[in-house]
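Trainee: fold the following.
(one chain, ligands or ions: 1)
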Amino acid sequence: MRKGKLSIRQKPNSSFSSATNSIQPPLYTVKTHNAASGAFNSVSQSINHKGERLTEDTLSANDEDSDNWSTATVGGPSTAFSSFTINDRTYNYAHHARSRNSYFFPTDNRGQDRLFLLHHISLLLHGDKLHLTPLENPSRVLDMGTGTCIWAIDSSHPDAAILGINISPIQSTWVPPNVRLEIDDVKLAWAIPPDSLDFVHIRDMDSAIQNWTNLMREAYRTLKPGGWIEIKDIIWSYTSDDGTVTPEYTPMRIIETVHEALKALNVEFHSSGEHHERLTNVGFMDISQQTQKVPIGLWPADPKLKEVGNITLTAAYLGVEDVILYPLRVGLSWDREKIQALASGVRRDLKKGSIHASVWSYAFWARKPTE
Ligand SMILES: C[S@@+](CC[C@H](N)C(=O)[O-])C[C@H]1O[C@@H](n2cnc3c(N)ncnc32)[C@H](O)[C@@H]1O
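Mentor: Numbering: from 1, shown residues only. A predicted model of the protein is given here:
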């Protein structure tokens, strides 16, 4: 696919644009909140993956995040994209008047590569299916926390209008004509009409959401009667059938430390265990759950599991820094050397062929009652 320069485009009237026959550059719509009137305004603008508006050079220094991070804010007073670096990794997100983001994964190219690997793992785990929900010709689909937008781009429903919402402008430069993107914070009330969606898809958002019940309530409110929600996550809680994962296994110890750090940052972690109960309490019905072990490494004999293990090991190995950097630096005030020492210990243990570790994959799908 050819990449081109983005330009400002006319925002469609509704949240979902109708499909056309051409591949389009993404149009980002940024929701802004007017504190005085309480109204939400939408501003359409073209921005690059660093959050820079492509039509204005309004980069200005802003050191509100920390005195030793480099921070830049782009945009007008109501819509701004913050970018800061820790140990040469870039974090970028919208922080307009609606919210202040607390998501902690780097959004740079390395961070995005990790998301592509996770997408591949998800397909391998779910029989090459993009969703487990039994959908019939959905017309309006919402991909919450769309990330690079790869799920929406790969979507098996080219006739559906797909809206991808994300806090960071990291989506692909070109998206299919049925996909639209919005920059917004999914933890706040969704600016989407009630009873309007056929399907809400949420993948790999563990640790992005502080209050899952609120999120599920928003999905319930905006789904049509009979509409579906699907939530999938890999939970990095290590286990082994043969006892080779011990309390000394560094990847496991690091997750405990990250957990502690995230508590200090008020982030909920490993939340899938309660999703069934949450979905029930919110009012969803026909709830299905699929839980499976995800091997890490080349140890499985089964060729398919070996492939899963290979990619999961790659994602874990390359992603060590992504997972620990922000929580340990910001949550626990660790210095760079201490973080790097821990990261190399994790990488060393991940590579040990004698350890037969797995983590967990959770998937839930459920329906809003028809009446
Ligand atoms: C691990 S990625 C998963 C991306 C995508 N769902 C996928 O499966 O490929 C999580 C994404 O959620 C986004 N995110 C985190 N907190 C968010 C929030 N409060 N509102 C919207 N997006 C958010 C992050 O920017 C990141 O791109």
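Trainee: okay, buried residues for the helix or strand harbouring I324 please.
Mentor: When elements are assigned from DSSP states H and E, I324 belongs to helix 303-326. If you call a residue buried by 16 or more other CB atoms under 10 Å, then helix 303-326 has these buried ones: 305, 307-316, 319-326. The C-beta positions use only the backbone N, C-alpha and C, and glycine is treated the same way.
Trainee: what's the offset of that helix from the middle of its chain?
Mentor: Distance of helix 303-326 from the chain centroid (CA atoms, centre = their mean, to the nearest Å) equals 16 Å.
Trainee: now do that helix: which elements does it pack against?
Mentor: strand 89-94, helix 109-125, helix 250-264, strand 285-295, helix 336-350 (3 or more CB pairs under 8 Å, 6 or more residues apart in numbering; DSSP states H and E).
Trainee: just the pLDDT at the residue of the stretch 51-200 of the chain found nearest the ligand, thanks.
Mentor: As assessed by CB to the nearest ligand atom, the ligand sits closest to G147 within the stretch 51-200 of the chain, at 2.4 Å. Listed pLDDT for G147 reads 93.
Trainee: still on that earlier bit, what is the orientation angle of the helix holding I324 with strand 285-295?
Mentor: Helix 303-326 and strand 285-295 are oriented at 90 degrees to each other (axes from the mean of the first three to the mean of the last three CA atoms, to 10 degrees).
Trainee: helix 303-326 versus helix 250-264: what angle between them?
Mentor: 40 degrees.
Trainee: and L197, bridged to which residues?
Mentor: On the basis of DSSP bridges, L197 is bridged to L223.
Trainee: assess the claim that it and D143 are in contact.
Mentor: No: the pair L197 / D143 is not scored as a contact, 10.8 Å apart, by CB atoms under 8 Å.
Trainee: can you redo the helices and strands packed on helix 303-326 as TSV with distance to the ligand and mean neighbour count?
Mentor: Listed next are the helices and strands packed on helix 303-326 as TSV, based on distance: least, CB to the nearest ligand atom, whole Å; neighbours: other CB atoms under 10 Å:
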stretch	distance to the ligand	mean neighbour count
strand 89-94	6	22
helix 109-125	5	18
helix 250-264	13	18
strand 285-295	15	15
helix 336-350	19	15
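Trainee: looking at those, spot the one closest to D241.
Mentor: strand 285-295 (8.4 Å; CB to CB).
Trainee: packing partners for that closest one?
Mentor: helix 109-125, helix 275-282, helix 303-326, strand 358-367.
Trainee: name the helices or strands packed onto the first one?
Mentor: So that's helix 109-125. In terms of contacts (3+ CB pairs under 8 Å, 6+ apart), helix 109-125 is packed against strand 89-94, helix 150-154, strand 223-239, strand 285-295, helix 303-326.
Trainee: for I234, find the nearest of the helices and strands packed on strand 285-295.
Mentor: strand 358-367 (5.4 Å).
Trainee: so what strands line up beside the closest one?
Mentor: strand 223-239 (antiparallel), strand 285-295 (antiparallel).
Trainee: make JSON lines from the ones you listed and add distance to M205 and mean pLDDT to it.
Mentor: Listed next are these as JSON lines, based on distance: least, CB to CB, whole Å; pLDDT from 0 to 100:
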{"stretch": "strand 223-239", "distance to M205": "7", "mean pLDDT": "96"}
{"stretch": "strand 285-295", "distance to M205": "17", "mean pLDDT": "98"}
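Trainee: in TSV: those strands, plus distance to S83.
Mentor: Shown next, in TSV, are the strands paired with strand 358-367 (distance: least, CB to CB, whole Å):
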stretch	distance to S83
strand 223-239	26
strand 285-295	32
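Trainee: of the ones you listed, which is nearest K338?
Mentor: Of all these, strand 223-239 comes closest under CB to CB, at 20.7 Å.
Trainee: ok, which residues in the stretch 51-200 of the chain are in contact with the ligand?
Mentor: Residues of the stretch 51-200 of the chain lying close to the ligand (CB under 6 Å from any ligand atom) are 101, 103, 115, 119, 145-147, 150-151, 165-168, 185-187.
Trainee: right, I'll call it a day here.
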